[in-house]
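*Asks:* below are the sequence and a predicted model; questions follow.
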There are 2 protein chains.
Amino acid sequence: MVAELKITPLRYVLAVVDHGGFHAASRYLHRTQPALSMAIRELENRLGEALFEKGAKATLTPYGSYCVPRFRELINQHDRLSRELQARAAKEAGQLDMAVVPSVASRLMPKLLSEFVSRYPGIKVGLHDGNADFVREQVISGQVDIGITSLWGLEEELLFHPLFHDEVGVVCRDDHPFAERQTLTWQALETESLIGNGTSRLLQGTAAESLLEMHALYISNMISLTATLVAGMGVTTLPRLAFPQEYERLRFIELAEPRVSREVGLIRRKGASLSPAAQAMESFIIESLAAEQ
Amino acid sequence: MVAELKITPLRYVLAVVDHGGFHAASRYLHRTQPALSMAIRELENRLGEALFEKGAKATLTPYGSYCVPRFRELINQHDRLSRELQARAAKEAGQLDMAVVPSVASRLMPKLLSEFVSRYPGIKVGLHDGNADFVREQVISGQVDIGITSLWGLEEELLFHPLFHDEVGVVCRDDHPFAERQTLTWQALETESLIGNGTSRLLQGTAAESLLEMHALYISNMISLTATLVAGMGVTTLPRLAFPQEYERLRFIELAEPRVSREVGLIRRKGASLSPAAQAMESFIIESLAAEQ
DNA sequence: TCAAAGTGGTAAGGGAAATTTATCATAGGG
DNA sequence: CCCTATGATAAATTTCCCTTACCACTTTGA
């Protein structure tokens, strides 16, 4: 049977030692002197041995001298833990991982992350990018705390918080006949050499679904895809956010008739709540994007 | 300001986790279920974050999962400390050092120590021997907890607990005229070649004081002294306990007229109390020697 | 399908523990 | 010798922990 050493009386002992007396310690602790006397007596009874000499003013017994550094150690550990856990709860420290689709990673996250880390300097963020299936899988398996992607079906295990709509358009080189157009219809694409990519399945279930069968090429890698487009080998469809603005020769033309868009949003596991750090990130993203529009 | 994490609620959290529910934990802890609910709620408020999911039965939040191993660690440290300090108070563990004069070290301590260590298996004893001044000095300086020696004057800084009287006698070789005598008087020594030693000052202030001036030789080292006696170069005075029984050719003859004796006792510092282990040794020695006579 | 037994949460009361107030005995300093 | 410091003690009070009693909800088994 272990005796329960309460933290407070241990603190009292240290205060008496450090301040050289019960009265001095009581002033420091904002307690009265009898409070210390009695609490320390109780502690001594529990241990079965006196800590302070009787009759002498605040002098430690040998046993007390042995105890004091150990009390100090335990209290230090306690305080360190308490501070650490409070810091985490207050989002002053912590760690979170998130998975996002590449377009979000390159167009949205840089700004968001730089604002986030300056607002929560203590929180460490791990950012992983991959296609929508990867993001979904990482979140469901608990590898990451939250994800940003678009979903195609209802997910039993996921909570989805919509962030914005991302319109699908056609991407072509600047010398292509489409390049000067403001909008296009899917019929205009029927005669084109259409390159498929990872986002092509957004067209599934829309009026433009027939275009999916037209793919002569399918390129999942974004760098390869843009190189192919710059080479003038065809056109492709992409959500606007996924359109790589940094290529001067590529143009994005809205696809009207039908309007196709993906709904990009925040996902997390249903049932499990978020860590304080992940909570902070989630609210931060939602608020930032709401403020922007 | 650090929040005070009381040990008990942390135990409650661990019990709920380990037993998979508030009710199971409450049975284990011999508390009622609301007691746990409220204590844990209070802890959560203190930390500023929930440990258990609401609505789910005893499921940890990510924050809770982070906390639990740390709670466990702190509690383990607490329990280990508590057990250790109690063991010391109960004399099941600990350490003590003592200084004794050589005669006590060789004639008294072997038996006492072997009994002591079998009675207090956990206590480690350091035994240091030296002359009376050494013992006195070690005790006063706090290098050792207790000493066994004889004192000549009253000591302001020491507490003296008498153990036994040790009669001074004459030591000579077995072929010496004294060897067959039962007792001697100091006058009988006047014509002898008297060798002085560290215990000779016991004669100071007695009727035999004049013998002190007769020393042709003074040998402090016991081995040298006995070798000199065995060589037949003279006689000496020694307390009985200091007489080395293991030398076959030496004899001890009581010195009557005057009877001179040293009072051997236990010394320790006045004012400072003893460690539990040293206390145990002190009482043990006093009781053992009292039981013997 | 409904009762029974499980989960945990809430409110009010009792009782133990901690703290304060008031007082005392003792020791040291001017 | 008084004054002020020390810490110990007793009784009163406040605080906090725990229990009892009850509720709402879910799961289980007949």
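*Replies:* Alright, I've got the coordinates. These numbers come from a predicted model, not from an experiment.

*Asks:* what residues are up against the closest residue to A:T185 other than its chain neighbours?
*Replies:* What sits nearest to A:T185 in space, not counting adjacent residues and going by CB to CB, 6 or more residues apart in numbering or on different chains, is A:E257, at 4.1 Å. Every C-beta, even on glycine, is put in place using the N, C-alpha and C of the backbone. Each residue near A:E257 by CB atoms under 8 Å, 6 or more residues apart in numbering or on different chains is listed here: A:T183, A:T185, A:W186, A:A207.

*Asks:* name the member of these with the most neighbours.
*Replies:* A:W186 (20 neighbours; other CB atoms under 10 Å in any protein chain shown).

*Asks:* any idea how far the nearest residue to it once chain neighbours are set aside lies from A:F164?
*Replies:* Closest residue to A:W186 in three dimensions, ignoring its sequence neighbours and counting by CB to CB, 6+ apart: A:A208, at 3.9 Å. Separation of A:A208 from A:F164 (CB to CB, to the nearest Å): 21 Å.

*Asks:* coming back round to it: that's a helix at the residue nearest to A:T185, yeah?
*Replies:* No: under DSSP: H, G, I helix; E, B strand; the rest coil, A:E257 sits outside any helix and is assigned coil.

*Asks:* which SSE is the residue in the stretch 51-200 of chain A positioned nearest to DNA strand C in?
*Replies:* Proximity of the stretch 51-200 of chain A to DNA strand C (CB to the nearest atom of the strand) peaks at A:G55, 7.2 Å away. Element membership for A:G55, per DSSP states H and E: none, as it lies in no helix or strand.

*Asks:* export stretch A:133-150 as CSV, just CAs?
*Replies:* This file holds the C-alpha atoms of stretch A:133-150, laid out as CSV (Å, rounded to 0.1, in the frame of the first residue of the first chain):
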residue,chain,number,x,y,z
ASP,A,133,-7.9,8.7,-52.8
PHE,A,134,-4.7,9.2,-50.9
VAL,A,135,-6.1,12.0,-48.9
ARG,A,136,-9.2,10.1,-48.1
GLU,A,137,-7.3,7.0,-47.1
GLN,A,138,-4.8,8.9,-44.9
VAL,A,139,-7.7,10.5,-43.0
ILE,A,140,-9.7,7.3,-42.5
SER,A,141,-6.6,5.4,-41.4
GLY,A,142,-5.8,8.1,-38.9
GLN,A,143,-2.4,8.8,-40.4
VAL,A,144,-3.3,12.4,-40.6
ASP,A,145,-5.7,14.5,-38.5
ILE,A,146,-7.5,16.3,-41.3
GLY,A,147,-7.6,16.4,-45.0
ILE,A,148,-8.6,18.8,-47.8
THR,A,149,-10.0,17.2,-50.9
SER,A,150,-13.2,16.7,-52.8
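
*Asks:* and the helices in chain A, which stretches?
*Replies:* A:7-19, A:22-29, A:33-47, A:62-89, A:102-107, A:109-119, A:132-140, A:222-230, A:276-292 (DSSP state H).

*Asks:* about what we covered before: give me the pLDDT value at the residue nearest to A:T185.
*Replies:* Note on A:E257: pLDDT of 78.

*Asks:* cool, and the one 10 residues further on?
*Replies:* We note a pLDDT of 96 for A:I267 in this prediction.

*Asks:* how far away is it from DNA strand C?
*Replies:* According to CB to the nearest atom of the strand, to the nearest Å, A:I267 and DNA strand C sit 27 Å apart.

*Asks:* do I have it right that that residue meets A:Q138?
*Replies:* No: using CB atoms under 8 Å, A:I267 makes no contact with A:Q138, being 9.8 Å away.

*Asks:* DNA strand D contacts on chain A?
*Replies:* Chain A comes close to DNA strand D at residues A:16, A:21-24, A:33-34, A:37-38, A:41, A:52, A:54, A:57-58, as judged by CB under 7 Å from any atom of the strand.

*Asks:* how close does A:Q33 sit to A:C67?
*Replies:* In terms of CB to CB, A:Q33 sits 21 Å off from A:C67.

*Asks:* these two: which is more packed in?
*Replies:* A:C67 (25 against 15).

*Asks:* tell me the pLDDT of the more buried one.
*Replies:* 95.

*Asks:* now do the same contact list for it.
*Replies:* A:C67 neighbours (CB under 8 Å, 6+ apart): A:V13, A:L47, A:L51, B:L85.

*Asks:* quick check: the gap between it and DNA strand D.
*Replies:* Taking CB to the nearest atom of the strand, one finds A:C67 at 16 Å from DNA strand D.

*Asks:* how many other residues sit next to A:C172?
*Replies:* A:C172: 23 neighbours (other CB under 10 Å).

*Asks:* could you do A:V117 as well?
*Replies:* A:V117, neighbours per other CB under 10 Å, totals 13.

*Asks:* brilliant, that's me finished.
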